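Undergrad: Need a 3D model of the following:
(one chain, ligands or ions: 2)
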Amino acid sequence: MICATDLHKRFGSLQVLGGVSLSVAPGEVIAVIGPSGSGKSTLLRCLNHLEHIDRGTIQIGGDTLAQSHGGAAAHYAPPREARRICQRMGMVFQHFNLFPHLTVLENLIEAPLTVKGLKREQVVPVAEGLLRKVGLIDKRDNYPARLSGGQKQRVAIARALAMQPDIMLFDEPTSALDPELTGEVLRTMRELAQERMTMLVVTHEMAFAREVAHRVIFMADAQIVEDRPARDFFADPHHPRARAFLEHML
Ligand code: ADP
Ligand code: MG
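TA: Residues are numbered from 1 along each chain as shown. Ligands and ions are numbered 1, 2, ... in the order given. Sure, this is the predicted structure:
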């Protein structure tokens, strides 16, 4: 589903990805963990082209989004092709990023209507189905400001799913929530995982990572320093940074 090789990314003089490689198989759930500033968000943002990589290769579902030859700067697919490739990925952010001036239902149908050019009568039933799935059909005509944080995040997940992605990227989806609201969001994510959605989840929820993720990617200082089955990682983290991180988290 995702094959990324030797990704390099700098912000000015700061190296944020220093040769990161990962591959993700269909249906795999991967927890991306690591200290703040280690490059987790940047990795996700590079994968779906919210940031440009300087160097490296990114393939999504067999299509090449960006490619470097012989250490040269990454060459991107033409814009239309790049957009089509990135539409295979849905992204959920820490701060929801819902459209405040649109109702819940309108938030879900906006991109299918404008980006995919689908008809209202096609997209509304799909959106309603997704709202039922995340338990928010009764909020369909509310504006985001009227929802709790947990409800907003479930709408954001449904909105991403409305584009029918093959891959879902989550960047700390519960970090902005009050503790009592994280459960409902994690439950929705767990259900998605059970439906064999391919998921890359940046999270500090170690219990969730341990239960739901197949693999853990641990990042430190712009590198992936461990990439192992979740069970092995939690039983016996190898890298000193990972060990220190887990001791601190648990
Ligand atoms: P993480 O998600 O692991 O906390 P990030 O990927 O957000 O880490 O950030 C990695 C480093 O890159 C941090 O030092 C951060 O300050 C820096 N950074 C992130 N985005 C930008 C940006 N747009 N411009 C400059 N520096 C950035
Ligand atoms: Mg981050």
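
Undergrad: which residue is nearest the centroid of this protein?
TA: For the chain, L169 is the residue whose C-alpha lies nearest the centre (C-alpha atoms, centre = their mean; 1.3 Å).

Undergrad: Doesn't that one belong to a strand?
TA: Yes - when DSSP: H, G, I helix; E, B strand; the rest coil is applied, L169 is found to be in a strand.

Undergrad: Isn't it up against C46?
TA: No - L169 lies out of contact with C46 (C-beta atoms under 8 Å); the separation is 10.7 Å. Every residue, glycine included, has its C-beta placed from N, CA and C.

Undergrad: show me where pLDDT drops low in the chain?
TA: In the predicted model of the chain, residues 250 satisfy pLDDT under 70.

Undergrad: Now the element after the longest helix seen in the chain, going C-ward?
TA: Across the chain, the longest stretch assigned as helix under DSSP state H is helix 179-194. Next in sequence after helix 179-194, counting helices and strands by DSSP states H and E, comes strand 198-202.

Undergrad: What is the helix or strand just after that following strand packed up against?
TA: Later in the chain than strand 198-202, the nearest helix or strand by DSSP H and E is helix 206-212. Here helix 206-212 touches strand 29-33, helix 179-194, helix 230-235, going by 3 or more C-beta pairs under 8 Å, 6 or more residues apart in numbering; DSSP states H and E.

Undergrad: got the buried residues for helix 206-212?
TA: Across helix 206-212, burial judged by 16 or more other C-beta atoms under 10 Å covers M206, F208, A209, R210, V212.

Undergrad: Ligand 1: which of those residues is nearest?
TA: A209 (14.8 Å; C-beta to the nearest ligand atom).

Undergrad: Name the nearest residue to that closest one, sequence neighbours excluded.
TA: A31 (3.6 Å; C-beta to C-beta, 6 or more residues apart in numbering).

Undergrad: Correct me if wrong: that neighbour contacts R231.
TA: No - assessed by C-beta under 8 Å, A31 is found out of contact with R231, at 12.0 Å.

Undergrad: Thank you kindly, that will do.
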